[in-house]
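Undergrad: dropping the sequence and predicted coords here.
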Amino acid sequence: MAGRFVQVGSAKLASGNEVPVVLDPDRGVVPIADLGFAPDLPTLFGTTTLAELAVAAERAPDSAFHPTAEVVAPYRNPRKIWGIGLNYLEHAGDLSENVPTEPASFMKGDHTIIGPGDPIPVPSQSRRTTAEAELGLVIGRECYQVEEDEALDHVFGVVPVLDQTAEDILEKNPRFLTRSKNFPGFFSFGPWITGLDAVLAHWGSLDAVEVSTVLNGEVHRSNTIANMAFSPAFLVSFHSKVMPLYPGDIISPGTPGAVHITPGDTAESHIPAVGTLTNPVTAGR
């Protein structure tokens, strides 16, 4: 049934090109352009629903699908990536900090983006880099000055994220936050963007979604969205009152726990019914 087609992302096909695709777990992936839609995910988010993609994919012949393909980052150039620090009480305690009275926001450049399986390079400037699993919120419809009760109407879907921090640099001075968050490879997301409706149908509410930071196959820290100081709806509303949010913008709303990573490790963001994002850790420059 069409309801199965609830995930989109990008894949590298035999041609070597990275193209946006719809995932059918039984038939493989089909390029979105072959279904007659805009071949650019942020554009698609603002003009098309997952239900429309689902119908088109279900009607596509088996010959349109690629049974195997290398999954890559869903897209490479969001206009904005907002991160939120210290949004869980437990994680704030890890850093000997208190949860702030307003969101502790920061921004990341798109040069930090990597996808599933890509290496996280630990920069030579850092002696303590951490990886942090998060539930990324992908904006669907442009929004500005929206209220909290309407905010999730502007979210296209969610995606596993691994947000990295050069924690030792941050600890030197909180004003070094931007530097500590913006080394190459410090924002991984994927493998698939899952429609918000599908997530709500599975979990009942975003509050019930559980996010786990995993290192080398062992769960380091898990928590549910309900235990965030600032909910996803509040964060979308709050940041829409700072600046417009556009299709494809990402809000990474905080981690249940950061884990120290070193070359040779494997970090994961595990979110049941959404996906598992896995990245090896290597030595950077």
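TA: Received, thanks. Numbers count the residues shown, from 1 in each chain.
Undergrad: where does the prediction get shaky in the stretch 101-250 of the chain?
TA: Residues of the stretch 101-250 of the chain meeting the criterion pLDDT under 70: none.
Undergrad: wait, Ile81 sits on Gly248?
TA: No: here Ile81 does not reach Gly248: they are 10.0 Å apart, not a contact under Cβ atoms under 8 Å. The C-beta positions use only the backbone N, C-alpha and C, and glycine is treated the same way.
Undergrad: my guess is Leu86 meets Ser105, correct?
TA: No: Leu86 is beyond contact range of Ser105, at 10.6 Å (criterion: Cβ under 8 Å).
Undergrad: could you look up the next helix or strand downstream of the one helix or strand Ala133 maps to?
TA: With secondary structure defined by DSSP states H and E, Ala133 is part of strand 129-139. Counting by DSSP H and E, the next helix or strand C-terminal to strand 129-139 is helix 148-151.
Undergrad: break down the stretch 101-250 of the chain into its strands, ranges please.
TA: For the stretch 101-250 of the chain, the strands defined by DSSP state E, counting those that start in this stretch occupy 104-108, 113-114, 120-122, 129-139, 155-166, 187-189, 193-195, 210-215, 218-224, 250-252.
Undergrad: roughly how far out does the last one sit from the chain middle?
TA: Read that as strand 250-252. Relative to its chain's centre, strand 250-252 lies at 7 Å (Cα atoms, centre = their mean, to the nearest Å).
Undergrad: start the count at 40 instead of 1 going forward.
TA: Sure thing, new numbering starts at 40, so read that last one as strand 289-291.
Undergrad: each with direction, which strands does it pair with?
TA: strand 120-124 (parallel), strand 168-178 (antiparallel) (DSSP bridges).
Undergrad: what secondary structure does Val60 sit in?
TA: Look at Val60: counting by DSSP: H, G, I helix; E, B strand; the rest coil, its state is strand.
Undergrad: what helix or strand is the nearest residue to it once chain neighbours are set aside on?
TA: Closest residue to Val60 apart from its sequence neighbours, by Cβ to Cβ, 6 or more residues apart in numbering: Val68 at 3.9 Å. Val68 is part of strand 67-70 when elements are defined by DSSP H and E.
Undergrad: need the next SSE after that strand, C-terminal direction.
TA: The element immediately downstream of strand 67-70 (helix or strand, assigned by DSSP H and E) is helix 80-86.
Undergrad: need the contact partners of that following helix.
TA: Here helix 80-86 makes contact (Cβ atoms under 8 Å, 6 or more residues apart in numbering) with 47, 49, 59, 71, 76-77, 92, 113-114, 116-118, 177-181, 195, 232, 285-287.
Undergrad: and stretch 262-280, how far out from the chain's middle?
TA: Distance, centroid of stretch 262-280 to centroid of chain: 15 Å (Cα atoms, centre = their mean).
Undergrad: residues making contact with it?
TA: Counting by Cβ under 8 Å, 6+ apart, 121, 123, 125-129, 138, 141-142, 144, 174, 176, 178, 182-191, 193-194, 245-250, 284, 290, 292-293, 295-296 sit against stretch 262-280.
Undergrad: buried only: go through those for me.
TA: Burial of those was assessed by neighbour count (16 or more other Cβ atoms under 10 Å); the buried members are 121, 123, 125-127, 138, 142, 144, 174, 176, 178, 182, 185, 190-191, 193-194, 245, 248-250, 284, 290, 292-293, 295-296.
Undergrad: show me the domain layout of this protein.
TA: If you go by the TED database, the domain ranges for the chain are 46-111, 120-322.
Undergrad: most packed of those?
TA: Highest mean neighbour count among these (mean count of other Cβ atoms under 10 Å): domain 120-322, with a mean of 19.
Undergrad: and it, how far apart are its ends?
TA: 25 Å (Cα to Cα, to the nearest Å).
Undergrad: then stretch 158-172?
TA: Termini of stretch 158-172 sit 16 Å apart (Cα to Cα).
Undergrad: show me how far that stretch is from its chain's centre.
TA: Using Cα atoms, centre = their mean, the offset of stretch 158-172 from its chain centre is 18 Å.
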